[in-house]
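[1] For reference, the sequence and a predicted model appear below.
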Amino acid sequence: MGTIWTPEALEGIKPKYKAVVAMIRESIAVGELTVGAKLPPVRDLAWDLKITPGTVARAYTVLTDSGVLRAEVGRGTFVADSSDSIGADLTEPLINLIEIDSVRHMTGGDTDHANLFSPHLPNGGQAELIRKLLGEIAADPPSGIMHYPSRRTATAARQAMAHWLQGAPIGRVDPDDIVLSMGGQNAILLVFQTVLRGRRPTVFVEDLAYPGFRRAADLLRADIVAIQCDKDGIIPEALAEAAAKHPEAQVLCTSPEVHSPTCGFTPMTRRHELVDVARKADLQILEDDCYRMGRAEGEGYRQLAPERGWYVASISKSITPALRLGCAIGPRGMSGALQRSSENGFFGLSTPMIDLTASLLGHPDLPAIMERTRQGVQRYVEVAVNTLGSFDLSWRADVPFVWLHLPQGWRASAFCQAAEKRGVQIRAAEEFAGRDAPSPHAVRIAINGGISLRSFEAAMGRLRDLLEHPPEQISV
């Protein structure tokens with residue numbers, strides 16, 4: 001592989017994986033490694049360089065994440081075409097490399113510990129693009145840095161968000177309808193603050209639901225009532241019965257496109273039935289669309305019931321959760337009230353964040369980046385399905401988690417504890433249910449693109465081993 005591939009070349013740079021990264025980048029820059037060239041297996045290179053295989057694996061992961069290398073399961077690691085990676089600079093100084101790669105993923109590359117609590121997206125080029133845009137904004141911030149944010153200064157950001165939402169079937173959306181938020185959870189809270197009235201309002205949620213609905217309701221001292229669901233989502237008759245029993249209820253919270261945690265989908269017939277019940281009971285409908293990565297399969301509630309449909313979304317499951325960027329959109333005529341909730345709560349996004357939103361969401365490279373990220377998630381989902389598919393597993397190719405009903409002999413809490421002892425952290429079904437409500441013996445397993453595909457596959461293998469060997473049951 002050339003004269004620089006020697007143990008001596010590692011001297012002077014700590015930690016060693018960064019030296020390996022620099023060696024590979026240099027070999028590519030001088031033409032010793034060309035596009036399509038296969039790199040040595042991890043153990044072979046580790047032996048030659050007299051370092052640990054984990055060090056080499058981490059270097060390969062860093063370069064794969066940044067688009068310099070590409071990994072193919074079962075075939076090896078190859079030099080990627082740099083034209084397919086945004087901002088891939090093969091001559092990047094080592095000091096920049098250290099500053100960037102040391103914080104790329106909290107969990108690193110190859111690891112024996114897999115945190116699968118919450119989805120962690122693979123890098124499809126968004127990290128490089130965001131760094132580039134942040135540098136440009138820092139050099140010349142369009143919105144300035146010496147005054148309060150305002151609705152006027154956020155105009156370009158709202159226009160960019162409207163562009164990003166194109167294709168979402170939620171009815172006509174003008175930029176003035178959009179209220180920018182600090183992530184999807186903040187957007188939910190803004191809607192609640194705008195809608196809920198009275199000393200003790202009631203909020204309806206699905207029997208297994210995103211926990212953030214309950215947390216936001218708790219903050220506003222609202223009572224929470226869970227509505228029974230089936231495979232298609234909320235059961236209309238159960239909603240009608242609950243509405244009759246709780247006339248003080250004001251909001252129905254639901255995730256019809258991607259139900260967290262079950263990966264479910266609410267078909268259009270069911271959505272129309274739920275709208276009919278909501279109109280009779282005068283319920284507002286809050287749709288959480290934060291988990292969808294692909295195109296929407298059905299009309300949203302803001303389109304089906306424009307007089308009562310509220311919509312929240314964020315970029316956390318499609319671009320990155322680090323920026324805490326989301327939005328809330330109300331029915332026609334409610335944008336002013338929603339905006340006041342934002343201004344009275346936190347004045348709006350910071351001006352640098354406003355500028356980044358305007359630059360990022362309208363960037364011409366973003367659609368391709370999001371598609372690469374979606375494909376990356378799909379590869380992890382395929383590994384989960386191939387490993388755990390013989391069990392009762394629910395999944396969708398473009399959803400960053402899977403839902404597993406446990407076989408007889410396992411309870412969800414015991415399974416999660418056993419998994420954590422083997423270095424795999426997952427969420428039990430009861431975390432998505434009410435505090436005193438029954439829940440199925442099931443777990444949600446999130447995709448973590450921050451660990452290597454082989455580490456994720458190993459984690460799935462450990463879960464499969466647990467599933468195949470439930471604790472002994474003693475009958476008395």
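    Cool, the structure landed.
[2] Which pLDDT value goes with the closest residue to Pro41 other than its chain neighbours?
    Residue nearest to Pro41 in three dimensions, not counting chain neighbours: Gly76, with 6.8 Å by C-beta to C-beta, 6 or more residues apart in numbering. For the C-beta atoms, the positions are set from N, CA and C on the backbone; glycine is no exception. Per-residue pLDDT puts Gly76 at 84.
[3] same question, Asp81
    The model reports Asp81 with a pLDDT of 79.
[4] if I look at it, how far off is Ile28?
    11 Å (C-beta to C-beta, to the nearest Å).
[5] Looking at the two, which one has more neighbours?
    For Asp81 versus Ile28, neighbours defined as other C-beta atoms under 10 Å are more numerous around Ile28 (22 against 12).
[6] Just the element for that one, please.
    Per DSSP states H and E: Ile28 is located in helix 16-29.
[7] Near Cys290, how many residues? Count them for me, please.
    Cys290 sits with 24 neighbouring residues when counted by other C-beta under 10 Å.
[8] and what of Asp174?
    Look at Asp174: counted by other C-beta under 10 Å, it has 12 neighbours.
[9] Kindly report the same for the one 5 residues further on.
    Using other C-beta under 10 Å, Val179 has 30 neighbouring residues.
[10] any idea which residue sits dead centre in the protein?
    Centroid-nearest residue in the chain, with C-alpha atoms, centre = their mean: Lys317, separated by 2.7 Å.
[11] Cross-check the contact I'm expecting between that one and Cys290.
    Yes - at 5.9 Å, Lys317 counts as touching Cys290 under the criterion of C-beta atoms under 8 Å.
[12] where does the chain dip in pLDDT?
    1-4, 8-9, 11-14, 73-74, 82-109, 472-476 (pLDDT under 70).
[13] Now with 50, please.
    Low-confidence segments of the chain, defined by pLDDT under 50, span residues 1-3, 84-108, 474-476.
[14] Enumerate every residue touching the nearest residue to Pro149 once chain neighbours are set aside.
    Leaving out its chain neighbours, the residue that sits closest to Pro149 by C-beta to C-beta, 6+ apart is Gly348, at 4.3 Å. By C-beta atoms under 8 Å, 6 or more residues apart in numbering, the residues touching Gly348 are 149-151, 154, 180, 342, 354.
[15] Then Arg464?
    Shown in contact with Arg464 (C-beta under 8 Å, 6+ apart): 387-388, 391.
[16] May I see the buried residues of the helix ranked longest in the chain?
    Counting residues, the longest helix found in the chain (DSSP state H) is helix 366-388. Neighbour-count burial for helix 366-388, with 16 or more other C-beta atoms under 10 Å as criterion, is recorded at 366, 369-370, 372-374, 376-384, 387-388.
[17] And for stretch 316-329?
    Residues of stretch 316-329 classed as buried by neighbour count (16+ other C-beta under 10 Å): 316-321, 323-329.
[18] hang on, Ala162 packs against Val179?
    No - counting by C-beta under 8 Å, Ala162 does not reach Val179; the two are 11.9 Å apart.
[19] ranges for the helices of the stretch 301-450 of the chain?
    Remark: helices assigned in the stretch 301-450 of the chain by DSSP state H, counting those that start in this stretch are 301-304, 335-346, 351-361, 366-388, 412-421.
[20] Now distance to Ser260 too, for these, in TSV please.
    Below are the helices of the stretch 301-450 of the chain laid out as TSV (distance: least, C-beta to C-beta, whole Å):
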stretch	distance to Ser260
helix 301-304	17
helix 335-346	23
helix 351-361	23
helix 366-388	15
helix 412-421	16
